[in-house]
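S.K.: Sharing a model that was predicted from the sequence below.
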Amino acid sequence: MRKYIASIGLCLIAVTACAPSAPPVANDLPQVTLSSADLSREARLVFGNLSTPTTTTANVFGAYAGGCVAGAVQLAETGPTWQAMRLSRNRNWAHPDTVTFVQDLSTRMAAATSWSGLYIGDMSQPRGGPMLSGHASHQSGLDADIWLLPARNLNLSQAARENLSSISMQAQRGAAVNENWTEEHATLIRLAASDPRVSRIFVFPAAKVWMCENETGDRSYLRKIRPWFGHHYHIHVRLNCPLGASDCEAQDAPPVGDGCADAQAWVNNILNPPPPDPDAPDPAPRRALRLGDLPAQCQAISQL
Ligand SMILES: [Zn+2]
């Protein structure tokens, strides 16, 4: 609390340099001490089998790719401008701020385009954490995958939402957009990236290059669009740490500038791959996260 009061003081002195601040989220998690056997358990086997959220205050602990979420809420399966897909995965959970963001984005998308709203892919598990399949991130309740298949029918049955597939937007292994890509896809990414709640968006490189080439107005949002492997069936939206979530580990801001030259370089490398570096070390094998690798609060959350 003293830190919070001190930061208010600094804000009064230098209003323009002041980042948003908030009192820390109340900590109502019980202290739990795990045995060494529990600490060495693979975290995905634990979190992947927890089917309900905690009833404690909403909070985020740790990093996007090494953390968890307390007090998560479930995105309703169907809303006025969205449907959650692949319900059997039980991954339509997130920090309440993320659920609100997704709902807001779908409302804006329905208003701005011919789409009826959005099809929402994986968010997080009920308590976040590593998953049994897919996704290194999506652990802290702040990541959401949004399908690039235009949502026109918001009355899809549960079975349809298991079987329907999104569509790819890429050609030339990500170096170009294909005939499925439209200005409305760019609108989706611009709306998301322009939202101050968003930290970054991952999408295949040609989509970013297309937006760089076609943006005639404010270009500041382009900085948040990060070219990445895959991500041509969906975009991945990553939110900033919630206000007051002092144990949430933020990611460094994207490099200064619009990042358009980097995206173009990525495309160029796809088209003309540089020769492999003979001195490059073998990638270190990645060990599965164990409960002991996660923040202590996540260890507690895994036991509630
Ligand atoms: Zn994702």
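M.R.: Structure received.

S.K.: Quick check, the residue in this protein closest to the ion?
M.R.: Taking C-beta to the ion, the ion has its nearest neighbour within the chain at residue 236, 3.4 Å off. No exception for glycine: its C-beta is placed from N, CA and C like everyone else's.

S.K.: Now do the contacts for that residue.
M.R.: By C-beta atoms under 8 Å, 6 or more residues apart in numbering, residue 236 lies in contact with 137, 143, 144, 145, 146, 201, 202, 203, 228.

S.K.: give me the subset of the residues you listed touching the ion.
M.R.: The subset of these within reach of the ion, by C-beta under 5 Å from the ion, is residue 145.

S.K.: about what we covered before: can I take it that the residue of the chain closest to the ion is in a helix?
M.R.: No - assignment of residue 236 by DSSP: H, G, I helix; E, B strand; the rest coil gives strand, placing it outside any helix.

S.K.: Can you give me the distance of it to residue 224?
M.R.: Per C-beta to C-beta, to the nearest Å, residue 236 is found 12 Å from residue 224.

S.K.: try residue 177
M.R.: 19 Å.

S.K.: follow-up on the earlier one: now the common contact residues for residue 236 and residue 224.
M.R.: residue 201.

S.K.: Can you flag which of the contacts of residue 236 belong to helices?
M.R.: Counting by DSSP state H, no part of the contacts of residue 236 is found in helices.

S.K.: who wins for neighbours among the contacts of residue 236?
M.R.: For the contacts of residue 236, counting by other C-beta atoms under 10 Å, the largest number of neighbours falls to residue 203: 30 neighbours.

S.K.: Those residues of the stretch 101-250 of the chain touching the ion, which are they?
M.R.: 145, 236.

S.K.: For the residue nearest to residue 253 when sequence neighbours are not counted, which residues are in contact?
M.R.: Closest residue in space to residue 253, ignoring its immediate chain neighbours: residue 199 at 7.8 Å, by C-beta to C-beta, 6 or more residues apart in numbering. By C-beta under 8 Å, 6+ apart, the contact set of residue 199 is 142, 224, 238, 239, 240, 250, 251, 253.

S.K.: Noted, bye for now.
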